[in-house]
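Participant: Pasting the sequence and the predicted model now:
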Amino acid sequence: MAEAHQFQAEVAELLNLMVHSVYSETEVFLRELISNASDACDKIRYEALSRPELLAGDDKLAIRITPDKEKKTLTVADSGIGMSRQEMIDNLGTVARSGTKAFLKGLSEAKEGIGLIGQFGVGFYAAFMVADRIEVTSRRAGSDESWVWKSSGGAGFEVEPASGEVARGTEIVLHLKEDAAKYLEPYEIERVVRTYSDHILFPIELVDDKGEARQINAASAPWQKPKSEMKPEDYTQAYRSIAMAFDEPAITLHYRAEGRQSYAVLLFVPSTPPFDLSDPGRKGRVKLYVRRVHVTDDADLLPAYLRFVRGVVDSEDLPLNLSREMLQNNPQVAQIRSALAGRVLGELESLAEKDGDSFTKVWTAFGPVIKEGLYEDHERRAQLLALARFTTTVEGSSRSLKQYVADLKPNQTEIYYLVGESIERLKANPKLEAARARGLEVLLLTDPVDAFWTTLQLDFEGKPLKSLSQGDVDFSLVPPIDKGEDAKTEDKADADREAEVLKSVKETLKDQVSDVRASRRLIDSAACLVASAQGRDRELERLLARHSKEAGPKPILELNMRHDLVKALSRAIEGKRGEEATDVATLLLDQARILDGEIPVDPAAFARRLNALVVRGLGS
């Protein structure tokens, strides 16, 4: 008797999207079913290494496609590992992946949502785009029981024992919709297989109306072929099949390592960011094979900051029965990891030297991820720093530190940078004023990771990186471009009066700032907030504050002693107008907070003080 089951909620929602949305590439369903069948063949071949009896005298592993125009069915069968009753329920009734919600959101919002299928383990459900009813019959290797799974989409499915003798593996019968009849045509099936699945290592056979089967895929691994036999279109096809992507590869890396270890490598850098690039797990997507046997997709063969790279590594030396623990601690795997990272970075360096425009596109897509290595990878930090490209106060394309250092001003000994949320806000930041007046170039860093790697006090070619929002700055050795500006900025205010103003403001704001001092950063603005040289940069403090309820260290308030508002403050202090002096001092602090992208602690009090100051000025 058939048992009725409900779909997991996310699956029901997914099926609804599949059935009622319009996609231009419905053919992807066949790629997904073939990929699943290939995985099933991989699994039994892998398990048969330790349990040869699973093959039970039938060691032919193949995928067979049978169209039936009379019944309007398309059958995809494999002789792989098969599924038990519970595995059917688990694999075909739920989506046990943490990214399901994100996938559904992306699928419903994307203009070409089909490009997202295959990245969250939901490929099987793509079949409902072309079929209104699906039957899955399966017998797990080593078991005498066989089961049938049936569903017409909707809310649920049924599972019941299969009748008659069932061969090992899985058979999926799709009852095609009227508008999917083209997938019963042999030429259409062959076209889809060649486009997406030609590299599958197992024979894909097409059964004609006479019951005769012929192989329609190459069944060879492109990474095992010599480079001389591969054409650009072959690499594109291999990339799309391996990565389940639809764009063009920006970089292709194909070679064979010989020597102490032997392994074939076929890696791709995508031209557009993969959908899962920002996944919190930061998992790599390079597949590990051993002598063409798939071992795992989770070998972490590249550091996390290169997780956008897709491809295959096929080793001739590693043992086939690698456990997950052995894989993590295997010295041979560690050597492969190190070599792969070096080759990928070397390829990026080569692209940067030979084709700056193409590298800029790659950096724009993956730079924020690559910069994670500046924080994490001490061994390659100098290499990554040289590879990095930055938006700066110099207008135009992104700049390297090599270009920055080549354009240093006479007597400039540091590389200046400023970290913030956006380029527009950074360009308007008052902390740039003194540097801009001297023509000093400043790196404008807006990626969240920038707030972390800049804490490492790095240098490039002996020039340390210096934050304009942390510690003190000294531009005195670099003269301003405008000599009139030089006179304006270099005139000395009365030292005693200046000290009195700073002391008074510090006493007024003692609960909100750690210090008050005269600024050498400001020219046109009245005040700014900076962090101490021993503390953390202001932007990093803001990022950390979002995840913690604890207040960070108090900032330092810097005042432009030549600004009219600060001079007005000085007069109020000299005239012993205490309330007015307090209002102006607090306004200066709130103004500095606003310029840093924050809001005043007490917006109502800020508005009151501002109104009072304006009225006082109008009445004078």
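Facilitator: Looks like it arrived, so ask away.

Participant: L54 versus S143, what's the distance?
Facilitator: Plainly put, S143 is 10 Å away from L54 if you go by CB to CB, to the nearest Å. C-betas here are computed from N, CA, C, even on glycine.

Participant: of those two, who's got more company?
Facilitator: L54 (21 against 15; other CB atoms under 10 Å).

Participant: Is the residue nearest in space to the middle of the chain in a helix, a strand, or coil?
Facilitator: In the chain, the residue lying closest to the centroid (CA atoms, centre = their mean) is L277, at 2.6 Å. Applying DSSP: H, G, I helix; E, B strand; the rest coil to L277 yields a three-state assignment of coil.

Participant: Check the one 10 residues further on too.
Facilitator: Going by three-state DSSP, the secondary structure assigned to K287 is strand.

Participant: give me the number of residues near it?
Facilitator: K287, neighbours per other CB under 10 Å, totals 21.

Participant: ok, now the one 3 residues further on?
Facilitator: One way to gauge burial is a neighbour count; for V290, by other CB under 10 Å, it gives 20.

Participant: my guess is it contacts S315, does it?
Facilitator: Yes: the criterion here is CB atoms under 8 Å, and V290 meets it with S315 at 5.2 Å.

Participant: The residue nearest to the centre of the chain touches V369, doesn't it?
Facilitator: Yes: L277 is within contact range of V369, at 6.6 Å (criterion: CB under 8 Å).

Participant: which residues are common contacts for the two?
Facilitator: 307-308 (CB atoms under 8 Å, 6 or more residues apart in numbering).

Participant: ok, the closest residue to the residue nearest to the centre of the chain other than its chain neighbours - contacts?
Facilitator: Closest residue to L277 apart from its sequence neighbours, by CB to CB, 6 or more residues apart in numbering: F308 at 5.8 Å. Taking CB under 8 Å, 6+ apart, we find F308 in contact with 269-270, 273-274, 277, 365-366, 369.

Participant: swap the cut-off to 7 Å and go again
Facilitator: 269-270, 273-274, 277, 366, 369 (CB atoms under 7 Å, 6 or more residues apart in numbering).

Participant: so where's this structure shaky on pLDDT?
Facilitator: Applying pLDDT under 70 to the chain picks out residues 1, 7-24, 94-123, 293, 320-326, 328, 483-493, 549-551, 618-620.

Participant: Show me what the lengthiest helix in it is packed against.
Facilitator: As assigned by DSSP state H, the longest helix anywhere in the chain is helix 331-354. Judged by 3 or more CB pairs under 7 Å, 6 or more residues apart in numbering; DSSP states H and E, helix 331-354 is in contact with strand 249-257, strand 263-270, helix 356-370, helix 381-387.

Participant: any idea of the angle it forms with strand 249-257?
Facilitator: 130 degrees (axes from the mean of the first three to the mean of the last three CA atoms, to 10 degrees).

Participant: could you give the angle of helix 331-354 to strand 263-270?
Facilitator: Using the same axes, to 10 degrees: helix 331-354 against strand 263-270 is 40 degrees.

Participant: which parts of helix 331-354 are buried?
Facilitator: The neighbour-count check on helix 331-354 (16 or more other CB atoms under 10 Å) flags 332-333, 336-337, 339-341, 343-345, 347-348, 351-352 as buried.

Participant: Just give me how far it sits from the chain centre.
Facilitator: 19 Å (CA atoms, centre = their mean, to the nearest Å).

Participant: can you list contacts of that helix?
Facilitator: Helix 331-354 has contacts (CB under 7 Å, 6+ apart) with 251, 253, 257, 261, 263, 265, 267, 299, 301-303, 306, 309, 313, 317-318, 327, 358-359, 362, 380, 383, 387.

Participant: Which secondary structure element is home to T75?
Facilitator: Under the criterion of DSSP states H and E, T75 resides in strand 73-78.

Participant: Now do that strand: everything it contacts.
Facilitator: The contact list for strand 73-78 (CB under 7 Å, 6+ apart) reads 33-34, 37, 40-41, 63-67, 169-176, 183-184.

Participant: let's go with 8 Å and repeat that
Facilitator: Residues outside strand 73-78 that contact it (CB under 8 Å, 6+ apart): 30, 33-34, 37-38, 40-41, 61-68, 131, 169-176, 183-184, 202.

Participant: Give me the buried subset of those.
Facilitator: By 16+ other CB under 10 Å, these give 30, 33-34, 37-38, 40-41, 61-67, 131, 169-176, 183-184, 202 as buried.

Participant: In helices only, show me those residues.
Facilitator: The members of the buried ones among the contacts of strand 73-78 that map onto helices under DSSP H are 30, 33-34, 37-38, 40-41.

Participant: quick one: the nearest residue to F390 once chain neighbours are set aside and K554, what's the gap?
Facilitator: Excluding the flanking residues, the one nearest F390 by CB to CB, 6+ apart is L443, at 4.6 Å. Note on L443: its distance to K554, by CB to CB, is 27 Å.

Participant: do R240 as well
Facilitator: 54 Å.

Participant: In terms of neighbours, single out the busier of these two.
Facilitator: Neighbours per residue (other CB under 10 Å) separate R240 from K554, with R240 holding more: 20 against 17.

Participant: quick one: contacts for the more buried one?
Facilitator: Contacts of R240 by CB under 8 Å, 6+ apart are 195-196, 246.

Participant: same question, V530
Facilitator: Applying CB under 8 Å, 6+ apart, we find V530 in contact with 431, 469-471, 521, 538, 555-556, 558.

Participant: Drop anything exposed from the contacts of helix 331-354.
Facilitator: Buried members of these, counted by 16+ other CB under 10 Å: 251, 253, 257, 263, 265, 267, 299, 301-303, 306, 309, 313, 318, 327, 359, 362, 380, 383, 387.
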